[in-house]
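>>> No sequence on hand, only this structure:
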């Protein structure tokens, strides 16, 4: 068992990806930033002393307290408080957890749906391939945010009003995921068209291996590189889509603060002098999306065999 672990880590240390990672300051810095954000978001109870969901910890007398380094700031509220007396640092970290959960769930849903449709379309071809590709072409003509708004509106019309708040996150995940799957379908279909003409696929077919095994056991692992790159960049887009929908008031409810909800609530006080309520969630969102995009750009360059010398 120990030998297997050591061999596994040795293969990682000797891989081209690890070598490229060590030589890329951008990838290292973005990875460190993302690791800190993920840890602080998912283990927020260990990081900050305040829980914005606990009414007993809130005080309206401390509402609109500016950041600690300003003249009227308090040292216990580093980034100030919002209109309900909630600590902004705690609220941002709790909100980022919601945004990350929605983003990860939506991109996994769109990846599974898009890869399944693209892989089968590229492998079987014919009218089924034509139908899937025309469906992706039609959806790509509609901006993803408008598609998400449309799906969200239809879902809210179907679900009873009493269930809106309980189902809001699931509807949001479905709306973002269903609007992002065409890019995965197009990439996986193109890669499958290349792979299915190779000798290992023909050999598997000759010995009687089923189509499902050929597609998902043999072809799928060989087309995962471009899919992982698109998935990484798509994660940033999904988080931004969640923030946009929440800012427009059709995302998560105000009782479940995400980054977009915090920016929308703070926008009401932007011109009254309480700038920190909007500024800090917006900066946090920019840093999060920018770090993911930088890591995705590094993965694109590293996993592209045409760029290897």
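Done, it's in. Everything numeric here is computed off the predicted structure, so don't read it as measured data.

>>> could you pull out the strands for the stretch 51-200 of the chain?
Per DSSP state E, counting those that start in this stretch, the stretch 51-200 of the chain carries no strands over any range.

>>> quick one: the residue nearest to residue 262 when sequence neighbours are not counted and residue 243, what's the gap?
Leaving aside its sequence neighbours, residue 262 sits nearest to residue 281 (CB to CB, 6 or more residues apart in numbering; 4.1 Å). No exception for glycine: its C-beta is placed from N, CA and C like everyone else's. Note on residue 281: its distance to residue 243, by CB to CB, to the nearest Å, is 9 Å.

>>> can you list residues touching both of those two?
Residues touching both residue 281 and residue 243 (CB atoms under 8 Å, 6 or more residues apart in numbering) are 259, 263.

>>> how close does residue 104 get to residue 188?
20 Å.

>>> okay, these two: which has more neighbours?
residue 188 (27 against 14; other CB atoms under 10 Å).

>>> What residues does the more buried one make contact with?
114, 115, 118, 119, 122, 223, 227.

>>> What pLDDT does the model give it?
Confidence at residue 188, expressed as pLDDT, is 94.

>>> How confident is the prediction for the closest residue to it other than its chain neighbours, by pLDDT?
Take residue 188 and drop its neighbours on the chain: the residue closest to it by CB to CB, 6+ apart is residue 118, 3.4 Å away. The model reports residue 118 with a pLDDT of 94.

>>> Verify the stated contact: residue 118 with residue 193.
No. Look at residue 118 against residue 193 with CB atoms under 8 Å: they stay out of range, at 9.9 Å.

>>> Please say which of the two ends up with more neighbours.
The neighbour comparison of residue 118 against residue 193 (other CB under 10 Å) goes to residue 118, with 29 against 15.

>>> Let me see the contact set for the more buried one.
Taking CB under 8 Å, 6+ apart, one finds 132, 184, 185, 186, 187, 188, 189, 190, 192 in contact with residue 118.

>>> please redo it, this time with the cut-off set to 10 Å
129, 132-133, 136, 181-193, 223, 227 (CB atoms under 10 Å, 6 or more residues apart in numbering).

>>> returning to what we had before: next, show the common contact partners of residue 118 and residue 193.
residue 129.

>>> circling back: which strands or helices does whichever strand or helix holds the residue nearest to residue 262 pack on?
Residue 281 is part of helix 276-302 when elements are defined by DSSP states H and E. Contacts defined by 3 or more CB pairs under 10 Å, 6 or more residues apart in numbering; DSSP states H and E place helix 276-302 against helix 16-22, helix 25-42, helix 88-124, helix 224-247, helix 259-267.

>>> I'd like those helices laid out as a markdown table, including distance to residue 301.
Converted to a markdown table, these look like this (distance: least, CB to CB, whole Å):
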| stretch | distance to residue 301 |
| --- | --- |
| helix 16-22 | 8 |
| helix 25-42 | 10 |
| helix 88-124 | 21 |
| helix 224-247 | 9 |
| helix 259-267 | 28 |
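
>>> mean pLDDT for those: which is lowest?
helix 16-22 (a mean of 78).

>>> can you pull the contacts of the residue nearest to residue 97 when sequence neighbours are not counted?
Distances taken as CB to CB, 6+ apart place residue 41 nearest to residue 97, at 4.3 Å, with adjacent residues excluded. Residues counted as contacts of residue 41 (CB under 10 Å, 6+ apart) are 47, 92-101, 284, 288.

>>> and if you look at residue 37?
Per CB under 10 Å, 6+ apart, neighbours of residue 37: 93, 96, 97, 100, 284, 287, 288, 291, 292.

>>> again, but for residue 237
The contact partners of residue 237, by CB under 10 Å, 6+ apart, come to 103, 106-107, 144-145, 176, 179-180, 183, 230, 289, 292-293, 296.

>>> Buried among the residues you listed? Make that a ChimeraX selection.
Here is the ChimeraX command that selects the buried residues among the contacts of residue 237 (16 or more other CB atoms under 10 Å):
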select :103,106,107,144,145,176,179,180,183,230,289,292,293,296
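
>>> Make CSV out of the contacts of residue 237 and add distance to residue 152.
Formatted as CSV, the contacts of residue 237 follow (distance: CB to CB, whole Å):
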residue, distance to residue 152
103, 16
106, 12
107, 17
144, 12
145, 10
176, 9
179, 10
180, 14
183, 20
230, 23
289, 21
292, 23
293, 25
296, 26
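
>>> Fine, thanks again, bye for now.
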